[in-house]
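Asker: only geometry, no sequence info:
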C-alpha cells in the first residue's frame, strides 16, 4: 500500500528526475559487483539468444512446445535486460538518476515480464496436457492458428493489464523523487504520491492475485490430468517420456514462483538488512532468465542436439 501523504504538499512539476536508492555500497565496491553482474548478464544473454536462434532457424523445432519456449526466452531477455542494464550502470558509474519516461518504461517492462512468464507457462502446461492426455487429437487441436492465438493472448492480456495500471499511475501527483528500491516498480513510485491512491492499490493487488491464481489453476488442472494419464498408461516408456517432458516445465515454474515469493517474504520480515532485501528483490530477474536456458539444454534432447550441432558447425567453418 502506498503511504498517505499530506495533500498540502506541492506536486512536482515535469520534467521529473528520480533517484533510485539502489544498493548501499561504496564506489570501490561497485567495480567488482559490476564485473559479477556483467558475467551473469552475459550468460543470460548467451543462453536465451541461443535458444531463440536455434528454435527460430530450425524448421524441425517449429512445434508448439518449442515455439512457446522461444517466447519464454524472449520474455526472459526483456525482464533480465530491464533490471540488469540499469544495475550495471549504477555499479560502474555510481549514477542512480532516471528520467520520468524511462522510469515508466521500466515499470512497464518489469510488470509485463512477471505477468507474461506466468501466462506463457500456463500455455505450456495446456500444451503438455493435450499432448499427453489427448495424443491422437494433438495435431488437430494444437494447430498453427491455435498456437499463434495462445502466444498472442499470453502477451496481450498482461500488456493490457499493465497499461491500465500505468494509466492510473501516470495521472498521480508526486511529491518526492527518491525511489527506495533497486529498480522502478509501480508500488515504489506510488509511495511518492502526494495523495492516497486506493484505486491504484486495489487494482494492482487484484491484478497480481488474478494472474497468479488464474495461471496456477490452469497449471494445476493440467498436471492433475497428466498425472492421472501417467498412472493409467501401461507402457513404461510412454510414462517415463511423459514425466521427463513435464519435469523441465515444472522446474521452471517452481523456480519462477520461488523467486517471486522471496520478494514478498523479505519485505515482510523486519530483521533483514536493506542490501539483502534488495538483492532478494532482483533474484526474479536474474535466476529464472539465467537458469531456464540451462534447463532446456539438459532436459530437451532436441534442443541440446541442435545447440551442439550449431557450435560444431561454427567451429568447423572457422
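Answerer: Arrived safely. Owing to the predicted nature of the structure, the values given are computational and were not obtained by experimental measurement.

Asker: in a helix, residue 86, correct?
Answerer: Yes. Counting by DSSP: H, G, I helix; E, B strand; the rest coil, residue 86 falls inside a helix.

Asker: OK, contacts around it?
Answerer: Residue 86 sits next to 20, 98, 106, 183 when contact means C-beta atoms under 8 Å, 6 or more residues apart in numbering. Bear in mind the C-beta positions are built from the backbone N, C-alpha and C, glycine included.

Asker: what separation do you get for it and residue 220?
Answerer: With distances taken as C-beta to C-beta, to the nearest Å, residue 86 is found 35 Å from residue 220.

Asker: ok, residue 163 next?
Answerer: 28 Å.

Asker: which residues of the stretch 1-150 of the chain fall in strands?
Answerer: 17-20, 97-99 (DSSP state E, counting those that start in this stretch).

Asker: any idea which of the ones you listed gets closest to residue 254?
Answerer: Relative to residue 254, the nearest member of the strands of the stretch 1-150 of the chain by C-beta to C-beta is strand 17-20, separated by 30.2 Å.

Asker: what helices and strands are in contact with the closest one?
Answerer: Strand 17-20 makes packing contacts with strand 97-99, helix 100-133, strand 178-179 when contacts are defined by 3 or more C-beta pairs under 8 Å, 6 or more residues apart in numbering; DSSP states H and E.

Asker: now those in CSV, with distance to residue 215 and mean neighbour count?
Answerer: Converted to CSV, the helices and strands packed on strand 17-20 look like this (distance: least, C-beta to C-beta, whole Å; neighbours: other C-beta atoms under 10 Å):
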stretch, distance to residue 215, mean neighbour count
strand 97-99, 30, 16
helix 100-133, 4, 21
strand 178-179, 28, 17
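
Asker: tell me, how many residues neighbour the residue lying closest to residue 300 once chain neighbours are set aside?
Answerer: The shortest distance from residue 300 to any residue that is not its chain neighbour, by C-beta to C-beta, 6 or more residues apart in numbering, is 6.6 Å, and that residue is residue 248. Neighbourhood size, residue 248 [other C-beta atoms under 10 Å]: 20.

Asker: pretty sure residue 248 sits in a strand.
Answerer: No. Assignment of residue 248 by three-state DSSP gives helix, placing it outside any strand.

Asker: ok, it touching residue 301?
Answerer: No. Applying C-beta atoms under 8 Å, one finds residue 248 not in contact with residue 301, separated by 11.0 Å.

Asker: tell me which of the contacts of residue 86 is nearest to residue 70?
Answerer: Distance to residue 70 across the contacts of residue 86 (C-beta to C-beta) is lowest for residue 106, with 24.3 Å.

Asker: residue 267 is nearest to which of the strands of the stretch 1-150 of the chain?
Answerer: The stretch from these with the least distance to residue 267 (C-beta to C-beta) is strand 17-20; that distance is 16.7 Å.

Asker: show me the contact partners of that closest one.
Answerer: 86, 90, 96-100, 103, 177-179, 181-184, 189.

Asker: direction included, what does that strand pair against?
Answerer: Using DSSP bridges, the neighbouring strands of strand 17-20 in the sheet come out as strand 97-99 (antiparallel), strand 178-179 (parallel).
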